[in-house]
Every structure is written in structure tokens, then in C-alpha cells.
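S.K.: Can you look at this prediction? I've put the sequence above it.
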Amino acid sequence: MSNQIYIGVDLGGTNIKVGICDERGSLLHTYEGPTGAEEGAEAVLERIAAYVRQIVEDSPFSWEQVAGIGAGLAGFLDIPRGIVKFSPNLKWRDVHAKDRLEQLLGKTVTIDNDANVAALGEAWSGAGAGVPHLVCYTLGTGVGGGIIINGKIYQGFAGTAGELGHIATVPDIEAINCGCGQTGCLETVSSATGIIRMANDAVERGESTSLALLEKVVEAKQVFDAAKSGDEVALRIVNRAAYYLGRSMAMVAVVLNPQRFVVGGGVSRAGDILFEPIRETFKKYTPEAAAEGVDIVPATLGNDAGVVGAAGLNLR
């Protein structure tokens, strides 16, 4: 049994997931409970502290073995000062999360962006294990990202590095507005939301597709399933999402030269029908020197990536 353990907190709008990891990044125990965001920031922070104490109490470890606690939070953060500047999902503004959690727990607490900690989780013990330079894409409702350089999260001077979903990859002639206020962002076409939008737009235009048999496309999986069945419209949508992902990776490759791209999130479960065109596009648009030796692989930790990465914030 290890002498030290590391605790990760993955704070979501609906649930809080807490996990205990050893120094190798192995997830030993998990606990999950409701967030209760409607009760306000103080109640949520107190609930996090209670869940952390509960998971240690339920484990074979002692409180003295806890070497550090990390938390992955969605929103705009002042990471050095541990402040949540604004979190739309939680409706938090200027919350001193780090200081308050340290007061409640009496342990060192580190916070970071949820996409960053998911990338760190994959780098520590997932698809990026043993790879010091990698970039992680998270394809879900939006497109998140995290950059790992020399085994550590790269945050940029203001903590906003890795906002891969907001790389402007879509040309003006076919670009739409993004929630960030810009147009042509990768997120508008390569997220689950973007794929669903493109599918429903095709049905509304009267295109010949099996997707028209659905009352409404509500999941990206419906589009991927139709594409795998040979539906040409669905396949075109999947290829478009993959194309812009590959183009964005080509841009990232010539700036950061990562050894590996790890792609996670619900959309990544589509498999080869998504990954093959991503790899083809990447190879086509990336200079040989920047593409050589680079691979593009699916994430392996699934929903555990955030809690594992958060646990590693005080170790790596």
C-alpha cells in the first residue's frame, strides 16, 4: 500500500465525482454525489469537502496519507490565485475556491480547468501515458482541449491555453456564429452540438437521408450510426466534422509539435469512421517534419479522466 494518496475532484453542474489515486495514477476508489448548484457556491464547496472526507473514511487509507487534493472546474479561472472568475454552469462569479477548500480541508488544494485536468489524466495513466508532449481534444457538447508539455499542463499567461474548440477553422462562406462570439470556430462543426445541428439542417432542407425518419436528431450517435449504415448525408456530416478536426490538428502541430493527439469525449466513441478521416486530413495538411512520428488516438479513461487528472495536479 502506498504511503501517499492523491484526491481528485471533478465538479460538474449536476454531480461531483471524487476519486483516490496512487502515485502511478491508478484510480483506487471513487465517490459521486449531487452538486446542488442552486444552493450557491459556499454550499457546493462545503459539499465537496464532505465528499472528500467521506471517500477517505470509506477507504483503507488515513487522512494523514492525503498528499494533495486537486479540483477540475468548468469556466474561466484565475488559476494561480485559485479563483473561479466565472462559471456559467454553476453561476459562480469571483469564487475563491482554492482558499475556501483549503480552509475546509486543511490540505493543499490546486484547481484547474476541467479540460486541462482531463488531458493530464490521459497523460498520467491513460492514452498518453509515457508521452511527454501531447494535446488532448474533448468532443462533447462543445470542443475542449488541454496541452501537455514535458508532462505538465500548459496554461498560457492568462490560463486560457488549449481552447481548441475556438480555433477558427471554418471558412467565412460556410461559417456560423459560435457561442464565444466569434464565427467559424471548430466547435460549431466538430462537437456533438455541431453534428446534430448539421443533421437537422440537412433534414430541413429536404435532403434524402434516413435521418429524416427520426422525429428529430438529438444525439450525435444517431448520425454516426446512419453513416456506418451507408447514409451518404450522414457520412458527409461526419467527414466534415473530421476534416476540420484534422485541419485544426495540422495547425497545432506546426506550433507545438506534440507527439500524440488524444481524442476523448462522447463523440470520440464513434471509432474508425471518425478517426480515419481525421488522420487522412492531418497527414494531408501537416508538413512532413511536423507530422512524422505523430499519432492520433482515442482516449482510454472515459469519464474518469477528469478525476484522475485532478488528483495528479499536486504530483506532476
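M.R.: Arrived safely. Here the structure is a predicted model, which is why all the values come from computation and not from measurement.

S.K.: which stretches of the stretch 1-150 of the chain form helices?
M.R.: For the stretch 1-150 of the chain, the helices defined by DSSP state H, counting those that start in this stretch occupy 41-57, 97-105, 114-125.

S.K.: deepest of the ones you listed, which one?
M.R.: Comparing the helices of the stretch 1-150 of the chain by mean neighbour count (mean count of other Cβ atoms under 10 Å), helix 114-125 ranks first with a mean of 30. All C-beta atoms are positioned from the backbone trio N, CA, C, and that covers glycine.

S.K.: so where's the stretch 1-150 of the chain shaky on pLDDT?
M.R.: Low-confidence segments of the stretch 1-150 of the chain (pLDDT under 70): 1-2.

S.K.: what about the helices in the stretch 151-300 of the chain?
M.R.: 187-190, 192-204, 220-228, 232-256, 272-285, 288-291.

S.K.: Highest mean neighbour count out of those helices?
M.R.: Buried most deeply of these, by mean count of other Cβ under 10 Å, is helix 187-190, with a mean of 28.

S.K.: circling back: mind putting the helices of the stretch 151-300 of the chain in CSV, distance to Asn303 and mean pLDDT included?
M.R.: Formatted as CSV, the helices of the stretch 151-300 of the chain follow (distance: least, Cβ to Cβ, whole Å; pLDDT from 0 to 100):
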stretch, distance to Asn303, mean pLDDT
helix 187-190, 20, 95
helix 192-204, 15, 95
helix 220-228, 16, 96
helix 232-256, 21, 97
helix 272-285, 19, 97
helix 288-291, 31, 95
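
S.K.: Leaving out chain neighbours, which residue sits closest to Val233?
M.R.: Thr209 (3.7 Å; Cβ to Cβ, 6 or more residues apart in numbering).

S.K.: Same question for Arg247.
M.R.: Nearest non-adjacent residue to Arg247 (Cβ to Cβ, 6+ apart): Thr169, at 5.1 Å.

S.K.: Tell me the pLDDT of the one you found.
M.R.: At Thr169, the pLDDT value in this model is 95.

S.K.: try Ile296
M.R.: According to the prediction, Ile296 has pLDDT 98.

S.K.: same thing with the one 10 residues further on?
M.R.: pLDDT, Gly306: 92.

S.K.: got the contact list for it?
M.R.: The neighbours of Gly306, taking Cβ atoms under 8 Å, 6 or more residues apart in numbering as the test, are Gly8, Asp10, Lys17, Gly72, Asp114, Val117, Ala118, Gly121.

S.K.: secondary structure class for it?
M.R.: helix (DSSP: H, G, I helix; E, B strand; the rest coil).

S.K.: Many thanks, we can stop here.
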